[in-house]
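Enquirer: have a look; sequence and predicted model below, questions after that.
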Amino acid sequence: MSVRTQSPQPSEDHLHRAGFACFVGRPNAGKSTLTNALVGQKVAITSNRPQTTRHTVRGIVHRPDAQLILVDTPGLHKPRTLLGERLNDVVRTTWAEVDVIGFCLPADQKIGPGDRFIAKELAAIKKAPKVAIVTKTDLVDSKQLAEQLIAVDQLGKELGITWAEIIPVSATAGKQVDLLADLLIPLMPEGPALYPEGDLTDEPEQVMIAELIREAALEGVRDELPHSIAVVVEEMLPREDRPADKPLLDIHANLYIERSSQKGIVIGPKGQRLKDVGIKSRKQIEALLGTPVFLDLHVKVAKDWQRDPKQLRKLGF
Ligand SMILES: Nc1nc2c(ncn2[C@@H]2O[C@H](COP(=O)(O)OP(=O)(O)OP(=O)(O)O)[C@@H](O)[C@H]2O)c(=O)[nH]1
């Protein structure tokens, strides 16, 4: 077993490489946080609730000799609804297209049925090299970490997966994050940069904004609600008649829930919760776009949208 803790030598071939990597792993494994840490800016939403990542967000790591495009997929899970099935399809399609798959396993949790479910699916993907990433190493001591690394090695042997690397990282403590990029880059095909210098993501702004609002709306709500929330940005327009040095961007967004009984939870007493969601997400949107924003947020009921193909399409799934 080879576990990486030291930086590899810089590449000697001087080739420019560019390609796609995706992180997989059970919900909460730390995929979004790792994407953000690698890119150095918040591009994928993170939350301590499972299955918050619905869109395929690409973060881009720029290096003089390489471009690493990170695709962040939703978690693969046993589908219960039409939405669940579509999400799984998105995941499998992504896996078949990328140049390397990073399998994230949290250091602080024993390998469980959820990890095995994904690992078995991974074993069936032959083309892409697989890197095992043991995440959240800041939460464990060195003995626990060593045990987890051995368990990951075993899991690979058991299922016939050859790990190209096994690497422990902590995205929040910034430990070994650059090393991970160093290891992924040599696995990319030779080729020119695929995105302009400085682009951090090609996710349309409106989708990222919708995700920021959804993330704020998910905070502190009852367990059954997260899966019922979808956000659509309907319109983004610069406010007219503003002086050039004081621009304002008007954003109109709808927050969809499945049943009118959920309205109270989202809006909160005297509308306070929705107001807080607006303030919090507006700040993040302003940071993302670098311009002051007026956010107009409405709550709407789209009855049972997760089971209705027409509604799913309208909401961007
Ligand atoms: N201590 C610690 N916590 C982490 C680390 N990485 C992620 N977390 C936390 O773990 C939780 C889940 O992280 P995410 O990045 O949202 O996980 P994910 O795998 O993208 O989750 P889904 O979107 O549900 O698939 C969040 O509360 C993070 O703050 C880490 O390196 N150390």
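Expert: Alright, I've got the coordinates.
Enquirer: let's verify the most far-flung residue of the chain relative to its centre: helix, strand, or coil?
Expert: Ranked by distance from the centre of the chain (CA atoms, centre = their mean), the top residue is D241, with 37.8 Å. Of the three states, D241 takes coil under DSSP: H, G, I helix; E, B strand; the rest coil.
Enquirer: need the contact list for it.
Expert: Not one residue lies near D241 by CB atoms under 8 Å, 6 or more residues apart in numbering. From N, CA and C alone the C-beta is placed, and that goes for glycine too.
Enquirer: from the ligand, how far off is it?
Expert: 41 Å (CB to the nearest ligand atom, to the nearest Å).
Enquirer: let me see the ranges of the helices in the stretch 101-250 of the chain.
Expert: 113-123, 142-159, 177-184, 205-218 (DSSP state H, counting those that start in this stretch).
Enquirer: deepest in the core, which of those helices is it.
Expert: Stretch with highest mean neighbour count among the helices of the stretch 101-250 of the chain: helix 205-218 (a mean of 22; mean count of other CB atoms under 10 Å).
Enquirer: does any part of that one sit near the ligand?
Expert: No - Helix 205-218 is not in contact with the ligand by CB under 6 Å from any ligand atom; minimum separation 9.5 Å.
Enquirer: return the distance of that helix from the chain's centre.
Expert: Relative to its chain's centre, helix 205-218 lies at 12 Å (CA atoms, centre = their mean, to the nearest Å).
Enquirer: for that helix, packing partners?
Expert: With contacts taken as 3 or more CB pairs under 8 Å, 6 or more residues apart in numbering; DSSP states H and E, helix 205-218 sits against strand 230-238, strand 249-257, helix 272-289.
Enquirer: mean neighbour count, those: which tops it?
Expert: strand 249-257 (a mean of 20).
Enquirer: and it, what does it pack against?
Expert: Counting by 3+ CB pairs under 8 Å, 6+ apart, the packing neighbours recorded for strand 249-257 are helix 205-218, strand 230-238, helix 263-267, helix 272-289, strand 293-301.
Enquirer: quick one: the shortest one to chain centroid distance?
Expert: Centroid separation between helix 263-267 and its chain, computed with CA atoms, centre = their mean, is 26 Å.
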